[in-house]
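Chemist: Build me a model:
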Amino acid sequence: MSSDYSARHLSVLEGLEAVRKRPGMYIGSTDSRGLMHCLWEVIDNSVDEALAGHGDEIGVTLHADGSVEVSDVARGIPVDVEPKTGLTGVEVVFTKLHAGGKFGSGSYAASGGLHGVGASVVNALSERLDVEVDRGGKTYAMSFHRGEPGIFDDAQGIGPDAPFAPFTSGSELRVIGKVKKGVTGTRVRYWADRQIFTKDAAFSTGDLVNRARQTAFLVPGLGLTITDARPTSMSAAAERAALAAPPLDGEPNARVEQGPVVERFRYEGGIGEFVEHLAVDGAKTDVWRIQGSGTFKETVPMLDDKGHMVSTEVERTCEVDVALRWGDGYETMFRSFVNIIATPKGGTHQTGFEAGLVKAVRTQVEANARKLKVGQDKLEKDDVLAGLTAVLTVRLPEPQFEGQTKEILGTPAVRRIVDSVVSKRMTEILTSTQRTEKAQAAGLLEKVVAEMKTRISARAHKETQRRKNALENSSLPTKLADCRSNDVEGTELFIVEGDSALGTAKLARNSEYQALLPIRGKILNVQKASVSDMLSNVECASIIQVIGAGSGRTFELDQARYGKVIIMSDADVDGAHIRTLLLTLFFRYMRPMIEQGRVFAAVPPLHRVVVVNRGKPNDTLYTYSEQELTTLLKKLERSNKKYLEPIQRYKGLGEMDADQLAETTMDRAHRTLRRVNVSDAESAAKVFELLMGNDVAPRKEFILAGEGLDRERIDA
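Modeler: Below you'll find the predicted structure:
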C-alpha cells in the first residue's frame, strides 16, 4: 500500500450515492430485516399523516411480481415547487436526504419520521419506484430508477426491467388523470433492488400483520388493510428453505396457501385494547389507564427567515399515555412507543415509567408494611413488574433517537415527565376508596409482596445449596456421564432418551467435552404443572441440577456448566413429543439458554443407504427425511448405481452402531445441529400455551381443524 495520503484520496458521495454505498447505516442490514425496515419507512409516513388528523385508511399490498405498494387517503405529498431547490415537492421528498415536513415547520405536532431520509432511502435502494399523488383535482405521477427520476416504457408490462429514460434537461411531474374535488392521497409502489439486498431477503407477511395490528391499536380509528397477493403465503426463498429442512419437532413444514391473504385492522379502544390483546394470563386487576403531560425546554437549531440555522430555546410538550394490568403469572409483557414508533430497546420513557411505578408501589407497601407482614425487606423492580402487561406511549415533537432505526429514545426530559405522571396516577389508584379499585389495589400489593418473599426465599435457598455443595461436596446425579473439560464454552450436554441410547452414545461421544444425561421417557408437562411439582419431578430436577444455573427468575446464565445443551431424541412421534416437553421446560424455567442460542436439537438420520461399488468399498449415505430419501434413490437409479435392500430405517438412536451415531449426530466435523431460537417470545408463548397449557378447548379446536397437518408426514 502506498504511504502517500492526501486530500485527493478522499471520496465525497453526493446525493443518494451514500445510501447505496453504505445501506446498513440507514436500514440496519441488507437482509430481510433491512427489507422490512424500508417498508416501515413508507408505511410510517402514511401513519404520521393519520396522527396529524389526515386520513383514516392505509393499504399495503405485496404484489405477485415482488413489488410492494402503500396507499393512503391523506393530504398527498406537495406537488408545487420547493423554492430553494426548484424541484417539485415529490422529487424533493424522494431524492433529497434530510428533506421533509418534520423539522419543526408546524406540519406535524408529533411524528415517527424525524430525519427526512426515509422516503429517499427507500428510493435509493429500489430498482424502480413509482409514486402517484391525488391533489387539487388531479393525479400526479413520477417514477425513479435507483433514485434517478425518469420515465419507464411500460408497453410490454410494468416492472423494473422496463426500458427507462432518465430526465435530461429537467424533471417532470406528470399529470396522468383527474380525481373528484377534495380527494387526496398518495400511492407508492417500489421494487427492492436485488443488487443491494441479499438473495434470501423477503417480505414477511407475519411481521407485516403484527406491525399493522400494533399500529391500529396505537392510532384508534385508523384502518389498515394488508393484502398478500403473492403466489404463496411465503416468499419463494423461504418456501424452499422450509421444504429443504426437516421439521424441528416432528411438525409438517409451513403450509403453502394459494390466493391472496387479506387482513384488516381497526380498533377504537386504543392501547387499553392492546393490553388485553397482549395479556396471556388471568387478570389480577382491570386495565388501568394513566394519562398526563408535561413540558420541558430544549435548545435546538431552527431556520430563521433568511434560511440560517440559529440555536433557539423552545418549549416542548410531552403527552404520556399508559395502559397496564397485572395478571396471575410472573412474566412481564411490556411495549413502549414514541409517536407510534416502537422502541424495543427502551430509552428514557421506559426508565421513567419503571421508576414511577416502583416508587408508587413501594410507598404503599411501606405504608401497609404491618398488614402485609413485610418486615425489613425491600421491594425491587422485578417484584413490581412480575405479571405486568403494559403499553407505554409518549408523543412529543422532534424526539431524540439513537440512530435512524429509532430503537432507543434519548430525550432526557421525558424520563422526569413519565416518572411524575405514572407515580402520581398510580398513587391515586392504590389509595382509592372506590370499591373495585380498592379491592384490586389490595390484591396487587399482596401479589407484589408475595413475589418479593419468593425472590428472597429462592435466593436464600440457592445460597444454602451453594454452601452445602461447597462443604459437603454434594455429587451430581449418578446417571450423568460428565465430561472432563472445565471450559464451559467448549462443553456440550446431550440429553438422550433412555438407557439404550445412552449406551451407544457413551461409545460415540468425545468424553473430553461431551457429557450425557439420560431421561426416562416423557418428562412432566411443566406448562400445566406448578413450580413445586416441577422441582419434585426427578427428571426435571436432574436437568436443572446438572445445568447448575437455577430456574425461573433466579436463573443465572453465567452459572451454566455447559456451553451447549443438545436434545438428542429418537426420530419418531414419541421422540418429537419428548423434545417438545424438554423445550417447554427450557422455555418456561431456563429461557435465557434459548434466548442466547445455547439450546440445540440433534438431527439424527432417518435412513442408511449402502451404495454398491464394484471393485472398491461400498459407500454409506444417510438421509434425513422421506423426501430426501426419494430424491437420493432417483438419483442413484439415473446413475445406474445399485444399493442394498432393505434400506435401514432408524426408529431409535439405540439401533445405531457407535461409529454411525458419532459420524452422523455427535462428531462436530460431520453432524448437523438445529439451533432453537425464540425470535418472537410472544408468539412462542402463545403456541406453548395452546399446545401444552391448561385450557383444553382451544387445543381441541386446533386438532379438530387439522391446522397445518399433513397426514403423510405423521410418523405413526
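
Chemist: Bridged to the nearest residue to Ala162 once chain neighbours are set aside, which residues?
Modeler: Spatial nearest neighbour of Ala162, excluding adjacent residues (C-beta to C-beta, 6 or more residues apart in numbering): Phe152 at 4.4 Å. C-beta coordinates here come from the backbone N, C-alpha and C atoms, glycine included. Beta-bridge partners for Phe152, by DSSP bridges, are Phe164.

Chemist: pLDDT weak spots in the protein?
Modeler: Across the chain, the ranges flagged by pLDDT under 70 are 1-15, 98-117, 232-259, 303-307, 403-406, 463-475, 679-686, 688, 706-716.

Chemist: Where is the longest helix in it?
Modeler: Here the longest helix in the chain is taken by residue count, with DSSP state H as the criterion, and it is helix 435-472.

Chemist: List the buried residues of that one.
Modeler: 437, 440-441, 444-445, 447-449, 451-455, 458 (16 or more other C-beta atoms under 10 Å).

Chemist: can you tell me which residues contact the nearest residue to Asp695 once chain neighbours are set aside?
Modeler: Counting by C-beta to C-beta, 6+ apart, Glu689 is the residue found nearest to Asp695 once chain neighbours are left out, at 7.4 Å. Contact analysis of Glu689 by C-beta atoms under 8 Å, 6 or more residues apart in numbering lists Val280, Gln527, Asp695.

Chemist: Quickly find the element holding Glu689.
Modeler: Taking DSSP states H and E as the definition, one finds Glu689 inside helix 681-692.

Chemist: which element follows that helix toward the C-terminus?
Modeler: Assigned by DSSP H and E, the successor of helix 681-692 is helix 696-705.

Chemist: Around the residue lying closest to Gly327 once chain neighbours are set aside, how many other residues sit close by?
Modeler: Distances taken as C-beta to C-beta, 6+ apart place Asp281 nearest to Gly327, at 3.5 Å, with adjacent residues excluded. Residues near Asp281, counting by other C-beta atoms under 10 Å, number 17.

Chemist: May I ask you to confirm that Val280 is in contact with Tyr330?
Modeler: No. Assessed by C-beta atoms under 8 Å, Val280 is found out of contact with Tyr330, at 11.7 Å.

Chemist: Can you report how many residues lie near the residue nearest to Ala162?
Modeler: For Phe152, using other C-beta under 10 Å, the count is 18.

Chemist: got it, and Phe94?
Modeler: 27.

Chemist: and what of the one 3 residues further on?
Modeler: Leu97: 16 surrounding residues under other C-beta under 10 Å.

Chemist: Which parts of the stretch 501-650 of the chain are helices?
Modeler: Taking DSSP state H, counting those that start in this stretch as the test, the helices found in the stretch 501-650 of the chain are 531-536, 538-547, 573-589, 591-595, 626-638.

Chemist: Compare those and give me the one nearest Val79.
Modeler: Among the helices of the stretch 501-650 of the chain, helix 591-595 comes nearest to Val79, with 48.8 Å by C-beta to C-beta.

Chemist: Give me the contacts around the closest one.
Modeler: By C-beta under 8 Å, 6+ apart, helix 591-595 touches 547, 549, 555, 557, 560, 565, 583, 586-587, 599, 676-678, 681.

Chemist: redo that, cut-off 6 Å
Modeler: Phe555, Leu557, Phe586, Val599, Val676, Val678 (C-beta atoms under 6 Å, 6 or more residues apart in numbering).

Chemist: Of all pairs in those, which one is the farthest apart?
Modeler: Phe555 and Val676 (16.2 Å).

Chemist: Between these two, which is the more surrounded one?
Modeler: Val676 (21 against 17).

Chemist: correct me, but the more buried one touches Val599?
Modeler: Yes. The criterion here is C-beta atoms under 6 Å, and Val676 meets it with Val599 at 4.5 Å.

Chemist: where along the stretch 201-350 of the chain do the helices fall?
Modeler: Along the stretch 201-350 of the chain, counting by DSSP H, counting those that start in this stretch, helices occupy 205-218, 236-244, 271-278, 348-367.

Chemist: of all those, which lies closest to Arg75?
Modeler: With C-beta to C-beta as the yardstick, what comes closest out of those is helix 205-218 (18.8 Å).

Chemist: Now the closest one: buried residues?
Modeler: Under 16+ other C-beta under 10 Å, the buried positions of helix 205-218 are Thr205, Leu208, Val209, Arg211, Ala212, Arg213, Gln214, Thr215, Ala216, Phe217, Leu218.

Chemist: okay, the residues you listed in JSON lines with distance to Arg520 next?
Modeler: JSON lines is the format used below for the buried residues of helix 205-218 (distance: C-beta to C-beta, whole Å):
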{"residue": "Thr205", "distance to Arg520": "42"}
{"residue": "Leu208", "distance to Arg520": "45"}
{"residue": "Val209", "distance to Arg520": "42"}
{"residue": "Arg211", "distance to Arg520": "45"}
{"residue": "Ala212", "distance to Arg520": "47"}
{"residue": "Arg213", "distance to Arg520": "43"}
{"residue": "Gln214", "distance to Arg520": "44"}
{"residue": "Thr215", "distance to Arg520": "49"}
{"residue": "Ala216", "distance to Arg520": "49"}
{"residue": "Phe217", "distance to Arg520": "46"}
{"residue": "Leu218", "distance to Arg520": "50"}
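
Chemist: Let me know the closest of these to Arg509.
Modeler: Thr205 (42.6 Å).

Chemist: For the closest residue to Asp72 other than its chain neighbours, give its distance to Arg189.
Modeler: In space, and not counting its chain neighbours, Asp72 is closest to Ser46: 3.9 Å by C-beta to C-beta, 6+ apart. Plainly put, Ser46 is 13 Å away from Arg189 if you go by C-beta to C-beta, to the nearest Å.

Chemist: who's more crowded, the two?
Modeler: Comparing Ser46 with Arg189 by other C-beta under 10 Å, the one with more neighbours is Ser46, at 26 against 20.

Chemist: quick one, which of the helices of the stretch 501-650 of the chain is nearest to Gly34?
Modeler: For Gly34, the closest of the helices of the stretch 501-650 of the chain is helix 591-595, at 22.5 Å, according to C-beta to C-beta.

Chemist: before we move on, back to that, same question for whatever helix or strand comes next after the longest helix of the chain: list its buried residues.
Modeler: As assigned by DSSP H and E, the chain's next helix or strand after helix 435-472 is strand 492-497. Buried positions in strand 492-497, judged by neighbour count with 16+ other C-beta under 10 Å: Glu492, Leu493, Phe494, Ile495, Val496, Glu497.
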